[in-house]
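Engineer: Just the structure for this:
(4 chains)
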2 protein chains.
Amino acid sequence: MKDAHPTGPRVTLPHPAAKLPGSNPCAACAVRDRAICAVLDDSELEQLSGLARPSDLDVGRTVFFEGDDADSLYVLIAGALKLYKLLPDGRRQITGFLFAGDFLGLAFNEEYQFTAEALMPSRLCRLPRTKIEGLLPEMPKLASRLLNLAFTELASAQTQMLLLGRKTAQERLASFLLHLADRLAGQGDPVSLIHLPMSRADIGDYLGLTVETVSRGVTKLKSAGLIALRDGNYIQIQDRPGLEGVAGDL
Amino acid sequence: MKDAHPTGPRVTLPHPAAKLPGSNPCAACAVRDRAICAVLDDSELEQLSGLARPSDLDVGRTVFFEGDDADSLYVLIAGALKLYKLLPDGRRQITGFLFAGDFLGLAFNEEYQFTAEALMPSRLCRLPRTKIEGLLPEMPKLASRLLNLAFTELASAQTQMLLLGRKTAQERLASFLLHLADRLAGQGDPVSLIHLPMSRADIGDYLGLTVETVSRGVTKLKSAGLIALRDGNYIQIQDRPGLEGVAGDL
DNA sequence: CGATATCTTGAGGAATCTCAATACTAGTGG
DNA sequence: CCACTAGTATTGAGATTCCTCAAGATATCG
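Structural biologist: The predicted structure follows:
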């Protein structure tokens, strides 16, 4: 295993969050209408904005490690992350991928339950956990939004259990691509062209497969005319119904 | 697949919840100090008690099906449940087992995301979802308890993903037994003697294995002297450190 | 005590993993 | 602009784990 990514240097992103003097920086945030902020009105957002600290991360840098004290919550403003757990011998399970607008740090019990690492240059909005927790009683809309997020996460975790426990390699791969396409579509991207910021090894660790099996699976889907590979780690879905057929669960 | 368990007849349990006239029935509840009720004071509990409806279920009966409108939340007062998802061809993934004191129906978005079925005669406390949601803003302690429960569930779902995606059959089985022992221990039972209210097939569907593999795995653990089988579907842990060694993740 | 479901054990097969070699890609420096 | 390097992806061949199919043993329940 060559996984050792100390938290480290920062990188400058193309679109830094605008900081208009005398105005609420959150108002201009790229994900203001998504994330948890969408349910808040301007005055509530104002309260949050004072607590928010943006930070940038380069590829391979970690936001936090499994076992670290969970003292912060994050909103991913730009980029992409992978979340994973490790076994002592190095086997790894990626429990999720995060994209712009996603919330990070839901399990704010005591310690983070997984490591969060950047797949590409990313920008996060950091919020102190205890202060947010303190705000919850007086901001029921935020509390209910968090509860809803947790429920959605839970539902998708259960779907992933079904995938890991009961689906074949081809089914897993097809499900993964369709799921990814749907998530990115929800963010305005075209539905059929999917950017894969993660490596084949990452996909394998997400689907409970080896790199080789993922690679063979991709080749097979390509040969069947269901997908096509494009430059820069893009995949184009060419036959969605066909791919859904392979995924197995409609 | 022979799975078809219509919701149906009720059964009488040995310890029906006492209904003292003029007093709060919840106060006498067997799980009053666990479940979500533990964080509530007597007056808050009084509010909830008016909404609660107990109901009993016989083995094999379902509380609800995946896809049903999620109009109720439940606390399991006695017995045990399995939660599962199905693929169209009948493959099944059990996403969790529930025991006395556990909360059911966390994902109260629109529809239940899984089917809940009784493993033994069980008693549930049913709460109307919309009324509970309405109470949340004025009962922040309840809201925060639910949030915490959701986080705990999420963490354990991620641990299960690691198990399903990356552990061998033996590791899965050992992990399962240890996990079960710890949960039951939290309820006062002795730590080394585990009651298994579920069948081998259920264990298989929980661990992403076949019945035969589970059975062989149990035999192997028994031969190694790590566990012993007792009458009535009990398993005795005889060498916990050894079992932890097999589980692999300490 | 018999009927039925569940559990265990065995033998062979299939899907996926492991190990190994080759091809591709992106970044670096000449 | 090209060659070089390091990382990543693909492909191949054989090994292994787990699954499938089948039979027998045990447990449960009326």
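
Engineer: Could I get the phi/psi values of the spatially most central residue of chain A?
Structural biologist: In chain A, the residue lying closest to the centroid (Cα atoms, centre = their mean) is A:Leu98, at 0.6 Å. Main-chain dihedrals, A:Leu98, degrees, to the nearest 10: phi -120, psi 140.

Engineer: how much space is there between it and A:Lys222?
Structural biologist: 27 Å (Cβ to Cβ, to the nearest Å). Using the backbone N, CA and C atoms, a C-beta is placed for each residue, glycine as well.

Engineer: Same question for A:Leu136.
Structural biologist: Taken as Cβ to Cβ, the span from A:Leu136 to A:Lys222 is 48 Å.

Engineer: Which one of the two is surrounded by more residues?
Structural biologist: Using other Cβ atoms under 10 Å in any protein chain shown, the more surrounded residue of A:Leu136 and A:Lys222 is A:Leu136, with 17 against 14.

Engineer: from the middle of its chain, how far away would the helix ranked longest in chain A be?
Structural biologist: The residue-count maximum for a helix in chain A (DSSP state H) belongs to helix A:140-166. On the basis of Cα atoms, centre = their mean, to the nearest Å, helix A:140-166 sits 13 Å off its chain's mean C-alpha point.

Engineer: Next secondary structure element downstream of it?
Structural biologist: helix A:169-185 (DSSP states H and E).

Engineer: Please see if that following helix touches DNA strand C.
Structural biologist: Yes: judged by Cβ under 7 Å from any atom of the strand, helix A:169-185 comes into contact with DNA strand C at A:169-170.

Engineer: Tell me which other helices or strands that helix touches.
Structural biologist: strand A:92-99, helix A:140-166, strand A:193-195, helix A:200-207, helix A:211-223, strand A:234-237, helix A:240-247 (3 or more Cβ pairs under 8 Å, 6 or more residues apart in numbering or on different chains; DSSP states H and E).

Engineer: pLDDT value on the closest residue to A:Leu184 other than its chain neighbours, please?
Structural biologist: Spatial nearest neighbour of A:Leu184, excluding adjacent residues (Cβ to Cβ, 6 or more residues apart in numbering or on different chains): A:Ile194 at 6.2 Å. pLDDT recorded at A:Ile194 is 93.

Engineer: I'd assumed B:Phe151 was in contact with A:Leu106.
Structural biologist: Yes: if you go by Cβ atoms under 8 Å, A:Leu106 and B:Phe151 touch, sitting 6.3 Å apart.

Engineer: Overlap in contacts, those two.
Structural biologist: Listed contacts common to A:Leu106 and B:Phe151 are A:Ala150; contacts here mean Cβ atoms under 8 Å, 6 or more residues apart in numbering or on different chains.

Engineer: Spell out which residues of chain A are next to DNA strand D.
Structural biologist: Looking at DNA strand D, the residues of chain A close enough under Cβ under 7 Å from any atom of the strand are A:199-201, A:211-212, A:214-216, A:218-219, A:229, A:233.

Engineer: Neighbour-wise, give me the winner out of those residues.
Structural biologist: A:Val214 (23 neighbours).

Engineer: Do I have it right that it meets A:Asp205?
Structural biologist: No: using Cβ under 8 Å, A:Val214 is not in contact with A:Asp205, being 9.5 Å away.

Engineer: residues in contact with A:Leu45?
Structural biologist: A:24, A:26-27, A:32, A:37.

Engineer: between the helix or strand hosting it and helix A:140-166, how big is the angle?
Structural biologist: Per DSSP H and E, A:Leu45 falls inside helix A:42-49. Counting by axes from the mean of the first three to the mean of the last three Cα atoms, to 10 degrees, helix A:42-49 lies at 70 degrees to helix A:140-166.

Engineer: And the average pLDDT for the next helix or strand after helix A:42-49 is what?
Structural biologist: For helix A:42-49, the following helix or strand on the C-terminal side (DSSP H and E) is strand A:53-57. For strand A:53-57, mean pLDDT rounds to 92.

Engineer: Let me see the residues that make contact with the helix or strand that strand A:53-57 is followed by.
Structural biologist: Sequence-wise, the next helix or strand downstream of strand A:53-57 (DSSP H and E) is strand A:62-64. Strand A:62-64 is touched from outside by A:5-7, A:57, A:70, A:72, A:74, A:81, A:104, A:112, A:115-118, A:124, with contacts defined as Cβ under 8 Å, 6+ apart.

Engineer: Of those, grab the buried ones for ChimeraX.
Structural biologist: Buried residues among these (16 or more other Cβ atoms under 10 Å in any protein chain shown), as a ChimeraX selection:
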select /A:57,70,72,74,81,104,112,115,116,117,118,124
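
Engineer: Which of the contacts of strand A:62-64 fall in strands?
Structural biologist: A:57, A:72, A:74, A:81, A:104, A:115-118, A:124 (DSSP state E).

Engineer: could the residues you listed go into TSV alongside distance to DNA strand C?
Structural biologist: Output for the ones in strands among the contacts of strand A:62-64, formatted as TSV (distance: Cβ to the nearest atom of the strand, whole Å):
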residue	distance to DNA strand C
A:Leu57	17
A:Ser72	30
A:Tyr74	26
A:Leu81	19
A:Leu104	25
A:Thr115	21
A:Ala116	23
A:Glu117	18
A:Ala118	15
A:Leu124	22
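
Engineer: With respect to B:Asp249, which of these is nearest?
Structural biologist: B:Asp249 lies nearest to A:Thr115 out of these, by Cβ to Cβ, at 14.9 Å.

Engineer: beta partners for the closest one?
Structural biologist: Assessed by DSSP bridges, A:Thr115 has beta-bridge partners A:Tyr84.

Engineer: how about low-confidence regions in chain A?
Structural biologist: Along chain A, segments meeting pLDDT under 70 span A:1-23, A:108, A:187-190.

Engineer: how about the residues of it near DNA strand C?
Structural biologist: So far as Cβ under 7 Å from any atom of the strand goes, chain A lies against DNA strand C at A:168-170, A:208-210, A:212-213, A:231-232.

Engineer: most neighbours, which of those residues?
Structural biologist: Busiest of the residues of chain A next to DNA strand C [other Cβ under 10 Å] is A:Gly208, holding 24 neighbours.

Engineer: Identify the residues contacting the nearest residue to that residue once chain neighbours are set aside.
Structural biologist: Of all residues not flanking A:Gly208 in the chain, B:Gly165 sits nearest, at 3.2 Å (Cβ to Cβ, 6+ apart). Taking Cβ under 8 Å, 6+ apart as the criterion, B:Gly165 is in contact with A:93, A:164, A:205-208.

Engineer: farthest-separated two in these?
Structural biologist: Every pair of the contacts of B:Gly165 checked by Cβ to Cβ; the farthest is A:Leu164 and A:Asp205, at 11.3 Å.

Engineer: May I see the helices and strands packed on helix A:169-185 arranged in JSON lines, with distance to B:Ala247 as well?
Structural biologist: Shown next, in JSON lines, are those (distance: least, Cβ to Cβ, whole Å):
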{"stretch": "strand A:92-99", "distance to B:Ala247": "15"}
{"stretch": "helix A:140-166", "distance to B:Ala247": "18"}
{"stretch": "strand A:193-195", "distance to B:Ala247": "37"}
{"stretch": "helix A:200-207", "distance to B:Ala247": "20"}
{"stretch": "helix A:211-223", "distance to B:Ala247": "25"}
{"stretch": "strand A:234-237", "distance to B:Ala247": "37"}
{"stretch": "helix A:240-247", "distance to B:Ala247": "32"}
